[in-house]
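return a 3D structure for these sequence lines:
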Amino acid sequence: PPPADLVWMHWVNSRRRHARGGFVSNSQETHEQVADSDTEMGLGGSVLCEPKKGVYGTRQVLVFVLCFAVTFLAYVDRVGFSISYTRLSEQAKTTQDIKGAVLSSFYYGYATSQIPCAWFAAQFGGVRMLTVSVLLSTVASLITPGDANQFTMLCLARVLVGVAQGAIFPSIHTELGKWKDIIGAQWFSTVVSVITSGMYLGSATAMLVLPSVAHSSPVAVFRVQAVLGVLWLLCWLTVNRDTFLVAAPSVSLPSEDKEIGPDPSKSQQGTTIPWGRLLRCVPIWALVTNNFAFHYVVYVLMAWLPTYFERGLKMDLSKSNLMNFLPFLVMFVFSNLSGLMADRLIGKQGMAVGKARKLLNSGGFVSAALFLLMLPSITDAHTGVLSIAIVLGGCAVARGGFALNHLDVAPT
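Numbers count the residues shown, from 1 in each chain. Predicted coordinates:
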């Protein structure tokens with residue numbers, strides 16, 4: 001490693017000795033230095049502090065913030081494209097069939113890339129995969145045409161964005177799973193909820209800011225997204241610069257009482273995925289069903305909400321920014337509250353993890369379903385926006401169940 005990293009590793013080892021209240025031999029220290037130089041620890045790519053529960057270094061905090069930011073930018077992109085393309089399609093008088101095909105093309109790339117991206121994240125690390133994801137998404141934003149009549153190019157650009165963004169959540173969850181024991185069960189739901197709630201704040205911000213931008217220049221929305229992607233990449237590469245200087249990790253997370261370094265007995269190399277057992281596992285299908293229900297509702301609303309506001313509720317998006325902002329702001333707030341509620345039920349109330357997940361999951365989905373049934377009969381703009389807010393709020397509460405449960409049963 002570079003000299004600066006050697007100094008850093010010496011400091012880490014000295015802190016480790018101090019924490020133990022004793023000394024280690026030169027051979028032990030040498031072994032630890034090699035382990036530190038060859039291991040990407042947690043989200044930040046290197047050890048920042050003694051891995052005690054609830055204790056984070058500066059880099060961990062920065063990476064948590066940047067993970068929040070990448071989910072924020074991903075959903076600015078999704079909602080922003082819906083807003084800007086709605087404007088472009090109105091100018092070009094595009095049919096609803098063509099509009100639907102363009103808006104749905106993102107999800108073909110997104111759905112097909114999830115499993116491969118999860119495998120790549122496990123093999124090469126979430127830090128690297130997030131870098132590739134944002135880089136591809138930025139390129140796709142740059143090549144997105146500003147003409148609604150360029151159907152093929154629009155679809156190809158959106159498929160590429162979908163493939164790129166398919167790596168975001170598998171990468172984040174892969175890395176968070178390594179830190180579950182360090183974060184602690186009493187805070188894990190909250191940390192995951194806060195990081196992933198960036199997608200709802202991104203949606204809310206897009207609905208608040210971008211309608212005015214799209215009204216003046218729809219193509220400017222795509223370019224703004226590309227610029228934001230470049231800025232994020234610069235920050236990410238700066239924070240994780242040493243991650244790209246070492247080999248991709250295949251190690252287990254050290255516990256508080258273990259040496260920092262790779263554990264050969266738990267190496268992921270050579271392991272095979274038991275597809276047959278997975279496909280026959282009823283709890284896994286329960287998670288798949290819940291994910292399908294949640295994302296079907298949220299993504300349909302996200303893609304078609306601008307159209308629903310304009311055609312169904314007769315709203316002018318460029319003049320109703322605060323009302324557009326409300327549903328996703330509610331989702332952002334309740335997504336974080338669901339994490340806090342889950343941690344309180346599990347940590348302070350002593351409720352079993354499975355029972356707490358089911359309670360939040362069922363309560364959120366039932367409330368969302370009731371208000372979804374009311375939507376077709378609503379014609380008043382204020383009532384419609386409030387109903388959408390409750391639907392999305394209910395879905396956000398459900399994330400305290402299904403969206404965390406896969407990390408309970410398969411942390412890495």
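
and P274, what are its phi and psi?
phi -80, psi 80 (degrees, to the nearest 10).

and it, how far from G125?
Distance, P274 to G125, by CB to CB, to the nearest Å: 23 Å. (C-beta placed from N, C-alpha, C; glycine too.)

how about N361?
From N361 to G125 the distance is 30 Å (CB to CB).

kindly report the same for G166.
Separation of G166 from G125 (CB to CB) stands at 17 Å.

who has more neighbours out of the two?
G125 (26 against 22; other CB atoms under 10 Å).

what kind of secondary structure is L103 in?
helix (DSSP: H, G, I helix; E, B strand; the rest coil).

got the contact list for the nearest residue to it once chain neighbours are set aside?
Closest residue to L103 apart from its sequence neighbours, by CB to CB, 6 or more residues apart in numbering: A303 at 4.7 Å. Neighbouring residues of A303 by CB atoms under 8 Å, 6 or more residues apart in numbering: 78, 82, 103-104.

what's the helix or strand for A303?
helix 282-307 (DSSP states H and E).

with F64 instead?
If you go by DSSP H and E, F64 is part of helix 58-92.

got the buried residues for that helix?
By neighbour count on 16 or more other CB atoms under 10 Å, the buried set for helix 58-92 is 59-60, 62-64, 66-89.

related to what we said a few turns ago, only alpha carbons, please: show the next helix or strand after the helix holding A303 as CSV.
For helix 282-307, the following helix or strand on the C-terminal side (DSSP H and E) is helix 321-343. C-alpha atoms of helix 321-343 as CSV (Å, rounded to 0.1, in the frame of the first residue of the first chain):
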residue,chain,number,x,y,z
ASN,A,321,-45.6,22.2,-6.9
LEU,A,322,-46.4,22.1,-3.2
MET,A,323,-49.3,19.7,-3.8
ASN,A,324,-47.1,17.5,-6.0
PHE,A,325,-44.5,17.5,-3.3
LEU,A,326,-46.8,16.3,-0.5
PRO,A,327,-47.3,12.6,-1.3
PHE,A,328,-43.6,11.8,-1.6
LEU,A,329,-42.8,13.9,1.4
VAL,A,330,-45.3,11.8,3.4
MET,A,331,-43.6,8.7,2.1
PHE,A,332,-40.1,10.0,3.1
VAL,A,333,-41.3,10.7,6.7
PHE,A,334,-43.2,7.4,7.2
SER,A,335,-40.3,5.4,5.7
ASN,A,336,-38.1,6.6,8.5
LEU,A,337,-40.8,6.3,11.1
SER,A,338,-41.3,2.6,10.1
GLY,A,339,-37.6,1.9,10.8
LEU,A,340,-37.9,3.6,14.2
MET,A,341,-41.1,1.7,15.0
ALA,A,342,-39.5,-1.6,14.0
ASP,A,343,-36.5,-0.9,16.2
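
continuing past helix 321-343, what's the next helix or strand?
Next along the chain after helix 321-343, taking DSSP H and E as the criterion, comes helix 353-374.

quick one: mean pLDDT over that next one.
What helix 353-374 shows for mean pLDDT is 91.

other SSEs contacting the following helix or strand past it?
Next along the chain after helix 353-374, taking DSSP H and E as the criterion, comes helix 381-398. When contacts are defined as 3 or more CB pairs under 8 Å, 6 or more residues apart in numbering; DSSP states H and E, helix 381-398 sits against helix 282-307, helix 321-343, helix 353-374.

and among those, the most buried is which?
Comparing the helices and strands packed on helix 381-398 by mean neighbour count (mean count of other CB atoms under 10 Å), helix 321-343 ranks first with a mean of 22.

helices and strands around it, which ones?
Using 3+ CB pairs under 8 Å, 6+ apart: helix 321-343 touches helix 185-196, helix 198-216, helix 282-307, helix 353-374, helix 381-398.

lowest average pLDDT across the ones you listed?
helix 185-196 (a mean of 80).

buried residues in that one, which are they?
Here helix 185-196 shows 187-196 as buried, counting by 16+ other CB under 10 Å.

quick check, nearest of those to I115?
In terms of CB to CB, no member of the buried residues of helix 185-196 lies closer to I115 than T196, at 19.1 Å.

tell me the average confidence for stretch 172-180?
Rounded mean pLDDT across stretch 172-180 is 79.

kindly apply the preceding question to stretch 131-145 instead.
94.

which residues touch that stretch?
Under the criterion CB under 8 Å, 6+ apart, residues 70, 73-74, 77, 81, 117, 153-154, 157-158, 160-161, 163-168, 171, 219, 222-223, 225-226, 229-230, 232-233, 236-237, 240 lie in contact with stretch 131-145.

so which of these belong to helices?
Taking DSSP state H, the ones among the contacts of stretch 131-145 that sit in helices are 70, 73-74, 77, 81, 117, 153-154, 157-158, 160-161, 163-165, 168, 171, 219, 222-223, 225-226, 229-230, 232-233, 236-237.
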